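**Student:** pasting the sequence and the predicted coordinates here, then a few questions.
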Amino acid sequence: NSGHSSKKKRMSCDICIEDGIPSHAMTRMECGHSFCNDCWKEHFTVRINEGESKRIKCMAHKCNAICDEDVVRKLVCPELAEKFDRFLVESYVEDNKKIKWCPSVPHCGNAIRKEDDDGEVECSCGLQFCFGCLGESHSPCSCLMWKLWSTKCAEESETVTWMTANTQLCPKCSKPVNRISGCNLMTCICGQHFCWLCGGATGLDHTWTSISGHSCGRYNDDKEWQLERAKRDSNRYTHYHYQYKAHADSLKLEDKLKKSILKKAVLNSETKNQAVFNDYNWVIKGMDLLSRSRRILSNSFP
């Protein structure tokens, strides 16, 4: 009987094809599949190192059951268990629209919960940002307006102005085409022929001065209008960007002043008493209000 009982406690693993494995070295999941702990550990290790935590599936063929989190923590080493829990938290934040990571660089490790998907928030690390787009605070601009403005400031600006004045959009694919020299018949890379002067689609037959079957009603006057529009847009952008940058530069200087005052307040409170720090509170609150007002004023120009 004792021999029969001993045999009964020995099991086999279908993954490593090992026989005679003690029952305590085997683990059965809720789905009913049972494999040796070494195979489970290897499976969990690979999945965790690949960035998986939330949905680590059973090893059995075509089994979609999710492995128990407590079993995963029990079978892997402490370092991997900590990594596993970190991935779980990250996946929870990524799946929850009301929770987002603070975009600070370097990352402070904090996540913020907010009921609505817009508005500005402040992390405990001190960073203020837009909860909707995770960019810097940009009230009263919408996220879309701020994105367009930032793109124009960083990349487009004069490039857009030049393209407006020196290119014509293909009437078929809308790609910009630039004419270096030659006649007014243009051929886009998509194969469409069109008139350089008015942008209208045409056929291929043409002479140096005309295009067969095409009557162009907007000759040089249209091009002069485009140049005038490009100049006007450039002047308008320059004016508003100057105002925006002036307030943005002032905000940076005021932030430095705020940090300097806070540092002095902390130093004095350490060498004297807490009452000294409290004397600085009204100044710090005033600087916070000034920074918020300056940011809103700066972001009013886009």
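**Tutor:** Received, thanks.

**Student:** quick one: the strands in the stretch 151-300 of the chain?
**Tutor:** In the stretch 151-300 of the chain, the strands defined using DSSP state E, counting those that start in this stretch lie at 167-169, 176-178, 185-187, 193-195, 201-202.

**Student:** any chance of CSV for these, columns mean neighbour count?
**Tutor:** (C-beta placed from N, C-alpha, C; glycine too.) Converted to CSV, the strands of the stretch 151-300 of the chain look like this (neighbours: other Cβ atoms under 10 Å):
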stretch, mean neighbour count
strand 167-169, 16
strand 176-178, 14
strand 185-187, 18
strand 193-195, 21
strand 201-202, 16
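
**Student:** pull out the buried positions in the helix or strand harbouring Leu144.
**Tutor:** Secondary structure assignment for Leu144, by DSSP states H and E: helix 143-151. Counting neighbours by 16 or more other Cβ atoms under 10 Å, one finds that the buried residues in helix 143-151 are 143, 146, 149-150.

**Student:** related to what we said a few turns ago, between the strands of the stretch 151-300 of the chain, which one is nearest to Ser23?
**Tutor:** strand 176-178 (72.4 Å; Cβ to Cβ).

**Student:** that closest one packs against which elements?
**Tutor:** Secondary-structure packing of strand 176-178 (3 or more Cβ pairs under 8 Å, 6 or more residues apart in numbering; DSSP states H and E): strand 167-169.

**Student:** next one: the strand it packs on to chain centre, how far?
**Tutor:** 32 Å (Cα atoms, centre = their mean, to the nearest Å).

**Student:** try stretch 95-114
**Tutor:** The answer for stretch 95-114 is 12 Å, by Cα atoms, centre = their mean.

**Student:** what lies in contact with it?
**Tutor:** 89, 92-93, 115, 117, 121, 123-125, 127, 129, 131, 134-135 (Cβ atoms under 8 Å, 6 or more residues apart in numbering).

**Student:** let's see 10 Å
**Tutor:** Residues from elsewhere that reach stretch 95-114 (Cβ atoms under 10 Å, 6 or more residues apart in numbering): 54, 86, 89-90, 92-94, 115-117, 120-127, 129-136.

**Student:** again, but for stretch 120-128
**Tutor:** Contacts for stretch 120-128 (Cβ under 10 Å, 6+ apart): 100-105, 107-114, 129-132, 136-139, 259, 288, 291-292, 295-296.

**Student:** can you say which of those are buried?
**Tutor:** 100-102, 112, 129-132, 137-139, 291, 295-296.

**Student:** list just the nearest of the residues you listed to Ser34.
**Tutor:** Among these, and counting by Cβ to Cβ, the member closest to Ser34 is Trp101, at 38.6 Å.

**Student:** which strand residues bridge that closest one?
**Tutor:** Counting by DSSP bridges, Trp101 forms beta bridges with Ala111.

**Student:** which of the buried residues of helix 143-151 lies closest to His206?
**Tutor:** Looking across the buried residues of helix 143-151 and measuring by Cβ to Cβ, the closest to His206 is Trp149, at 42.2 Å.

**Student:** next, count neighbours for the closest residue to Leu251 other than its chain neighbours.
**Tutor:** In space, Leu251 comes closest to Arg294 once its chain neighbours are excluded; the distance is 4.6 Å by Cβ to Cβ, 6 or more residues apart in numbering. Neighbour count of Arg294, defined by other Cβ atoms under 10 Å: 18.

**Student:** got it, and Asn96?
**Tutor:** Asn96, neighbours per other Cβ under 10 Å, totals 11.
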